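Novice: Pasted the sequence and its predicted model underneath.
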Amino acid sequence: ARPVKLSDYHVPDHRVTNVDLLVTLHPTATRVVAKLTVERHPKGRPAAPLAFDGDELNLVALTLDGAVLAASAYEAMPDRLVIHLPPAGPFTLTIETMVNPEANTQLMGLYRSSGTWCTQCEAEGFRRITYFPDRPDVLAVYTTRIEADKAEAPVLLGNGNLVETGDLGNGRHYAVWHDPHPKPSYLFALVGGDLASTSDRFVTRSGRDVALRIYSEHGKEGRLAYAMDALKRSMRWDEEVFGCEYDLDIFMIVAVSDFNMGAMENKGLNIFNDKYVMALPDTATDQDYAHIEAVIAHEYFHNWTGNRITCRDWFQLCLKEGLTVFRDQEFSSDMRSRAVKRIADVRLLKAQQFAEDAGPLAHPVRPELYNEINNFYTATVYEKGAEVIRVLKVLLGPAEFKTGMDLYLARHDGDAATIEDFIACFAEASGRDLGQFFLWYRQSGTPEVSVEGHHDPKAGTFSLDIRQTLHPTPGQPTKQPMVIPLALGLIGPDGAERPLLTEDGQSVPGVVALTASRHRFVFTGHTTRPILSINRGFSAPIRLTTDLTEADLQFLARHDGDAYNRWQSIQTLASRFLIASTAAIARGDAALVSVPLIETLGAVLNDAGRDPAFTAQALSLPSEADIAREIGSEVDPDAIQAARLALRRTISDQLGDELVATLSGFAAKGPFAPDAAAAGRRAIANVALDLWAANGTESRLAEVERRFAGADNMTDRFAALAILAQHAGTRREAALGAFYERYGSDPLIIDKWLALQAGIAEPATLDRIKTLLANPAINFGNPNRLRALVGSFAMTNQTQFNRPDGLGYGFLVDVVLDVDAKNSQVAARLLSAFRSWRAMEPGRRGRAQAALIRVANAPSLSPDVRDIVERSLG
Ligand code: HT7
Ligand code: ZN
């Protein structure tokens with residue numbers, strides 16, 4: 001019954017301890033025979049009927065301990081199997097169902113992607129294969145026998161270890177896989193198809209020899225080497241940093257082209273959206289390489305945080321997702337530059353999660369109610385979930401954090417656990433009361449923290465007055481103060497870090513923790529005014545306002561020992577300026593000019609050699625969406641765009657020499673390498689090229705065109721194309737045409753081409769998108785294609801999605817209603833692009849509301865889309 005509430009949790013009445021599956025693969029009529037060992041749960045309701053989940057299922061046969069059940073003894077519906085009076089003791093239930101993988105456009109359960117049979121069972125997909133208590137607290141040992149036509153599916157894969165293969169005659173064969181680790185049904189997977197692969201091996205620290213295999217469609221196996229390398233590095237890192245060792249004889253990854261999300265951590269058999277597996281210098285950008293590394297690591301790390309220790313119920317989703325994102329972020333930080341990774345993660349958090357938290361779809365990291373669980377795979381659960389773990393680490397310090405983590409991994413191995421279980425390990429390890437910390441899981445919304453500094457030269461003190469506020473969010477009208485750790489430093493005018501001394505002369509480590517609405521912290525030893533650097537490393541996921549002056553921010557941009565805050569100071573400078581300039585434009589005045597900002601950016605450029613990847617981040621201005629979020633209400637995207645474009649033009653005009661020097665200083669040397677250092681050099685060169693060309697002069701665009709034609713890797717080629725795409729005219733159309741000509745048969749590269757066009761900030765873009773969408777050569781039934789074109793438009797093209805005439809909103813609604821019947825998860829995700837509609841100025845707000853009402857009034861909607869539209873309007 002929906003909605004589902006956390007407070008209604010009760011243990012299952014029946015549990016399944018063993019699952020023997022026989023799956024006979026057929027494109028349209030796959031037969032599934034599930035032999036289940038079932039028993040009453042000792043804590044379940046004593047006389048409860050047996051009630052298993054189903055979804056669009058078709059029961060063919062049912063026996064209990066080998067005997068056919070009388071028709072009156074059970075009820076089989078597409079979404080439920082009920083046995084009225086099941087035996088009290090353990091029994092064997094054999095269920096035969098038929099499913100049609102070819103017709104499965106939802107991509108949940110068993111489906112076909114380019115002829116390959118594959119499965120997606122998280123969150124509630126196993127019930128589309130057989131009737132089952134499809135909930136994460138029912139753990140069973142699975143054995144899967146797959147039978148198929150040899151020519152159609154020479155490769156047959158399942159969870160666990162391969163125990164048997166054989167010939168069935170008539171061109172058919174079989175494979176049996178056994179997974180000894182009890183697991184929930186959402187981690188079940190099988191694959192059958194004609195696939196190519198690459199192999200390697202990994203010896204674990206205790207000496208287990210693990211076969212590693214990555215599968216792809218034929219012809220693409222040459223693109224799998226980087227993913228394999230990332231996998232081996234992930235396996236070693238998890239042993240070294242978290243003490244987690246792999247536990248089967250084989251680990252497999254299969255790349256498929258039709259996939260609802262990024263990837264899936266099925267036990268021993270990860271299934272991936274091919275965009276997060278395949279890369280070659282000519283096909284993938286540096287960003288793609290970084291994403292592949294992170295997603296490969298993320299899914300592998302789930303083997304412990306998610307699989308060995310799973311979730312008791314779906315409210316605990318952040319238990320595995322927040323923690324695993326935290327772990328993959330740490331992995332990438334160790335593989336690359338920690339500061340640059342932190343900046344990239346915070347950018348993503350602010351863009352996605354802060355936006356979610358500020359609108360009608362806000363929800364706690366651990367929600368307490370849902371209508372459709374698929375709609376809770378959100379930035380809040382994933383990205384804020386990871387931030388909350390980081391907060392815990394800052395509060396406890398690395399040593400106590402590690403003790404707590406070790407305790408969690410040891411104590412809950414084999415469990416379906418809760419957030420309470422997780423936090424109890426840290427409370428026990430540290431001896432601290434983490435009651436207030438728990439609010440990070442329960443209260444939605446982004447805390448706002450304001451900081452004022454007061455210098456008293458006579459007393460030699462510098463005091464901080466800090467307030468925190470958490471505004472109401474849907475379902476949470478009142479809030480309690482949070483525990484907020486703020487890493488900070490006080491810097492003298494000479495750039496030297498000063499010790500943090502309290503009034504009684506005690507030395508404070510570099511973190512203060514807020515626990516109440518207001519605090520005053522007094523520091524001594526400051527006869528001259530120090531400059532405050534606060535929330536260093538983004539120690540807490542808050543919206544921070546300070547009374548730092550423009551001069552202070554300029555100073556911090558140069559002298560802060562914390563690289564994250566050097567970056568943040570430049571962003572704050574730029575953001576304050578852009579908000580003021582937007583207001584001027586909205587009043588009908590000219591865009592503003594900021595000498596200090598240009599000076600700061602010039603200084604950053606001149607210092608680019610210190611850390612090229614950092615400089616690239618420092619020179620990347622806040623996006624239009626970032627500025628809109630900072631403004632917060634009555635947003636006019638056109639004014640924001642005009643202010644931002646004017647600033648880009650000023651930088652282009654005034655820092656031309658510095659930009660050219662940077663461009664030539666970081667020109668590519670030697671053959672392409674995807675490592676962080678080489679990627680950093682490409683990043684700064686391409687950011688410099690973009691700013692240099694931003695004034696649109698012919699000679700500069702001609703140089704970009706030359707670089708587009710001469711590039712020897714996708715990063716540089718695509719960066720040049722993206723610059724050309726911003727300037728209307730034949731040059732743009734020629735470059736887009738040449739790119740298509742070269743890569744038109746490569747779907748993942750077509751996605752880049754589609755996304756780029758969807759982002760063009762011109763009124764003609766909507767028609768361009770409609771034309772592309774009607775192109776029969778592009779398969780928009782594939783989620784990646786649709787997201788690349790329509791998702792990019794709605795999520796990134798601020799001025800065109802939010803057109804004042806409402807046509808952008810109307811277009812998205814048309815697509816959502818059309819896609820909903822085929823793939824409701826993808827449709828619901830597209831619709832969430834309306835998450836910030838209330839922050840728009842009244843004209844756009846009214847049109848967005850009308851568009852949402854049109855969705856709400858549509859004759860038939862999936863539960864996924866209904867949930868998003870109702871919460872968006874609520
Ligand atoms: N745990 C995986 C989530 C996922 C998923 C959820 C709903 C529908 C389809 C899905 N595919 C993958 C991915 C992860 O976070 O690791
Ligand atoms: Zn995950």
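Specialist: It's in. Bear in mind the structure is a predicted one, so any value in this text is a computation, not a measurement. Ligands and ions are numbered 1, 2, ... in the order given.

Novice: Spatially nearest residue to Ala151, not counting backbone neighbours?
Specialist: In this structure, Ala151 finds its nearest non-sequential neighbour in Gly171, 6.4 Å apart by CB to CB, 6 or more residues apart in numbering. Glycine gets a C-beta too; all of them are placed from N, C-alpha and C.

Novice: Ramachandran coordinates for the residue of the stretch 601-750 of the chain at minimum distance from ligand 1?
Specialist: Closest approach between the stretch 601-750 of the chain and ligand 1, counting by CB to the nearest ligand atom: Leu748, at 18.1 Å. Backbone torsions of Leu748, given as degrees, to the nearest 10, read phi -70, psi -30.

Novice: Is it correct that it is in contact with Ala788?
Specialist: No. Checked against CB atoms under 8 Å, the pair Leu748 and Ala788 is beyond contact range at 9.2 Å.

Novice: Mind checking the pLDDT average for stretch 32-49?
Specialist: Mean pLDDT, computed over stretch 32-49, is 97.

Novice: Same question for stretch 784-798.
Specialist: Mean predicted lDDT for stretch 784-798 stands at 98.

Novice: before we move on, what about stretch 575-582?
Specialist: Taken as a whole, stretch 575-582 has a mean pLDDT of 98.

Novice: Contacts for that stretch, please.
Specialist: 550, 591-592, 594, 597, 621-622, 626-627, 630-631, 636, 639-640, 642-644, 646-647 (CB atoms under 8 Å, 6 or more residues apart in numbering).

Novice: Same check on stretch 729-741?
Specialist: The contact list for stretch 729-741 (CB under 8 Å, 6+ apart) reads 701, 705, 708-709, 717, 720-721, 724-725, 750, 753, 756-757.

Novice: re earlier: settle it for me: which of Leu748 and Ala788 has more neighbours?
Specialist: Ala788 (26 against 22; other CB atoms under 10 Å).

Novice: Once you drop chain neighbours, what's closest to the more buried one?
Specialist: For Ala788, the spatially nearest residue (CB to CB, 6+ apart) is Asp751, at 3.7 Å.

Novice: dump the residue contacts of the residue nearest to Ala151.
Specialist: If you count contacts by CB under 8 Å, 6+ apart, Gly171 has them with Asp149, Lys150, Ala151.

Novice: about what we covered before: gap between the residue nearest to Ala788 and Pro783?
Specialist: Here Asp751 is placed at a distance of 10 Å from Pro783 (CB to CB, to the nearest Å).

Novice: Next, the one residue in the stretch 501-650 of the chain that gets nearest to ligand 1: secondary structure please.
Specialist: Residue nearest to ligand 1 within the stretch 501-650 of the chain: Pro541 (19.2 Å; CB to the nearest ligand atom). Of the three states, Pro541 takes coil according to DSSP: H, G, I helix; E, B strand; the rest coil.

Novice: on that earlier part again, the residue of the stretch 601-750 of the chain closest to ligand 1: what's it in contact with?
Specialist: Asp274, Lys275, Met278, Thr283, Asn784.

Novice: For the stretch 251-400 of the chain, which residue gets nearest to ligand 1?
Specialist: Closest point on the stretch 251-400 of the chain to ligand 1, by CB to the nearest ligand atom, is Met261, at 3.5 Å.

Novice: for this structure, which spans come out with low pLDDT?
Specialist: Applying pLDDT under 70 to the chain flags residues 1.

Novice: How about the residues of it by ligand 2?
Specialist: Glu321, Thr324 (CB under 5 Å from the ion).

Novice: go with 8 Å
Specialist: The chain comes close to ligand 2 at residues Ala263, Glu265, His298, Glu299, His302, Gly306, Lys320, Glu321, Thr324, Val325, Tyr382, as judged by CB under 8 Å from the ion.

Novice: Report the residue ranges of every domain in the chain.
Specialist: Recorded structural domains for the chain (assignment: automatic domain parsing) are 18-37+49-278, 310-442, 448-540, 744-874.

Novice: can you list the ones you listed in TSV and add distance to Leu578?
Specialist: Converted to TSV, the domains of the chain look like this (distance: least, CB to CB, whole Å):
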stretch	distance to Leu578
domain 18-37+49-278	32
domain 310-442	15
domain 448-540	20
domain 744-874	13
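
Novice: tell me which element Val82 is part of?
Specialist: strand 80-83 (DSSP states H and E).

Novice: strand partners of that strand, parallel vs antiparallel please.
Specialist: According to DSSP bridges, strand 80-83 has the following sheet partners: strand 50-53 (antiparallel), strand 74-77 (antiparallel).

Novice: now the first one: how far from the chain's centre is it?
Specialist: Going by CA atoms, centre = their mean, to the nearest Å, the spacing between the C-alpha centre of strand 50-53 and its chain's C-alpha centre is 33 Å.

Novice: Identify the residues contacting it?
Specialist: Outside strand 50-53, the residues that touch it by CB under 8 Å, 6+ apart are 13-14, 38, 79-83, 86, 93, 124, 127, 131-135.

Novice: got the CA positions of whichever helix or strand comes after it in CSV?
Specialist: Going down the chain from strand 50-53, the next helix or strand is strand 59-64, by DSSP H and E. Provided in CSV are the C-alpha atoms of strand 59-64 (Å, rounded to 0.1, in the frame of the first residue of the first chain):
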residue,chain,number,x,y,z
LEU,A,59,1.9,-17.4,-13.3
VAL,A,60,2.2,-20.7,-15.3
ALA,A,61,2.5,-23.3,-12.5
LEU,A,62,2.8,-23.4,-8.7
THR,A,63,3.7,-26.3,-6.4
LEU,A,64,4.3,-26.5,-2.6
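
Novice: Tell me the buried residues in strand 59-64?
Specialist: Neighbour counts over strand 59-64 (16 or more other CB atoms under 10 Å) mark Leu59, Leu62, Leu64 as buried.

Novice: what's the closest of those residues to Leu392?
Specialist: Distance to Leu392, by CB to CB, is smallest for Leu59 among these, at 46.9 Å.

Novice: what sits against the residue in the stretch 151-300 of the chain that ligand 2 sits nearest to?
Specialist: Closest contact between the stretch 151-300 of the chain and ligand 2, by CB to the ion, is at His298 (5.5 Å). Applying CB under 8 Å, 6+ apart to His298 gives the contacts Ala263, Glu265, Thr324, Val325, Arg327, Asp328.

Novice: Which of the residues you listed fall in strands?
Specialist: Ala263 (DSSP state E).

Novice: biggest separation within the contacts of His298, which pair?
Specialist: Farthest pair in the contacts of His298, by CB to CB: Ala263 and Arg327, 14.8 Å.

Novice: if we can go back for a sec, okay if I get the buried residues of strand 59-64 as JSON lines plus distance to Ala225?
Specialist: JSON lines is the format used below for the buried residues of strand 59-64 (distance: CB to CB, whole Å):
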{"residue": "Leu59", "distance to Ala225": "46"}
{"residue": "Leu62", "distance to Ala225": "48"}
{"residue": "Leu64", "distance to Ala225": "51"}
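
Novice: Relative to ligand 2, which of these is nearest.
Specialist: Closest to ligand 2, out of all of those and judged by CB to the ion, is Leu59, at 32.8 Å.

Novice: For burial, what's the neighbour tally of the nearest residue to that closest one once chain neighbours are set aside?
Specialist: Distance criterion CB to CB, 6+ apart; nearest residue to Leu59, sequence neighbours excluded, is Ala76 at 4.1 Å. Applying other CB under 10 Å, we find 20 residues neighbouring Ala76.

Novice: And for His84?
Specialist: The burial count assigned to His84 is 12, neighbours taken as other CB under 10 Å.

Novice: picking that back up, correct me if wrong, but the residue of the stretch 251-400 of the chain closest to ligand 1 is in a helix.
Specialist: No. Counting by three-state DSSP, Met261 falls outside a helix, being coil.

Novice: so who does the closest residue to ligand 2 within the stretch 351-500 of the chain touch?
Specialist: Using CB to the ion, Tyr382 is the residue of the stretch 351-500 of the chain that sits closest to ligand 2, at 7.1 Å. Contact analysis of Tyr382 by CB under 8 Å, 6+ apart lists Cys318, Glu321, Gly322, Val325.
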